[in-house]
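[1] The following comprises the amino acid sequence and a computationally predicted model.
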Amino acid sequence: MVNIDANIIADMRRFNRFYTNLLGVLDRHVLDSGYSFTEARVIIEIGLIEPCIANTLVGSLQIDRSYMSRIIAKFCKEGFLVKENSTLDNRTNLIRLTPRGKTFYNQLNERSDEQILRLVQGLSEEEITELHASMLLIQKKLDISERIQNDTI
């Protein structure tokens with residue numbers, strides 16, 4: 001394990017707390033949606049890759065399988081999602097957004113975009129470009145799958 005200075009760890013943890021608070025990740029209802037951050041992410045993920053299967057969502061969002069099952073059941077009951085049998089494998093259900101689910105997905109996307117616009121309001125174009133580059137760098141450095149692919153023996 002890499003030896004990291006305690007001050008660096010404290011700064012990183014402070015940044016994580018700052019950013020999660022800034023985005024309202026810990027709010028009971030994210031983006032004034034009436035749903036938790038995890039529930040909103042499930043809708044967004046399905047909207048991005050539909051049709052999909054629950055196992056794909058479990059893997060991409062790293063959510064407990066039973067928790068994912070409860071979220072999907074809740075959204076089916078509320079009319080956001082529909083499950084249908086796969087034509088390739090009868091044991092597999094494909095999950096799709098209903099028209100109501102697509103409307104909700106679009107609202108979440110719009111609210112997310114508005115949230116980012118509010119965050120960068122008051123910054124110059126140069127500062128926004130710098131912030132964007134910094135975020136991409138953080139993502140690149142912390143992308144575990146990329147690090148594993150680049151790891152050679």
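    Perfect, I can see it now.
[2] Tell me the predicted confidence for the residue nearest to the spatial centre of the chain.
    Central residue of the chain (CA atoms, centre = their mean): residue 41, 4.5 Å from the mean position. At residue 41, the pLDDT value in this model is 93.
[3] residue ranges for the helices of the protein, please.
    Assigned by DSSP state H, the helices in the chain fall at 6-23, 37-49, 54-61, 65-77, 99-120, 125-142, 144-150.
[4] most packed of those?
    Highest mean neighbour count of these: helix 37-49, a mean of 18 (counted as mean count of other CB atoms under 10 Å). Placement of C-beta: from N, CA and C, glycine included.
[5] Run through this structure and note the low-pLDDT ranges.
    Flagging of the chain using pLDDT under 70 yields the residue ranges 1, 145-153.
[6] can we see that at 80?
    Counting by pLDDT under 80, the ranges of the chain that qualify are 1-2, 26-28, 86-91, 144-153.
[7] what sits against residue 105?
    Applying CB atoms under 8 Å, 6 or more residues apart in numbering to residue 105 gives the contacts 43, 44, 46, 47, 97.
[8] Residue 141: which of the residues you listed is nearest?
    residue 44 (24.0 Å; CB to CB).
[9] Isn't the closest one up against residue 107?
    No: using CB atoms under 8 Å as the test, residue 44 is too far from residue 107 to be in contact (10.7 Å).
[10] which two from the contacts of residue 105 end up farthest apart in space?
    Top of the distance list for those (CB to CB): 44 and 97, 10.3 Å.
[11] quick revisit: distance to residue 91 for the helices of the chain - can I get that in TSV?
    Formatted as TSV, the helices of the chain follow (distance: least, CB to CB, whole Å):
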stretch	distance to residue 91
helix 6-23	38
helix 37-49	20
helix 54-61	11
helix 65-77	15
helix 99-120	24
helix 125-142	35
helix 144-150	28
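[12] for these, which one sits closest to residue 89?
    When these are compared by CB to CB, helix 54-61 sits nearest residue 89, at 11.6 Å.
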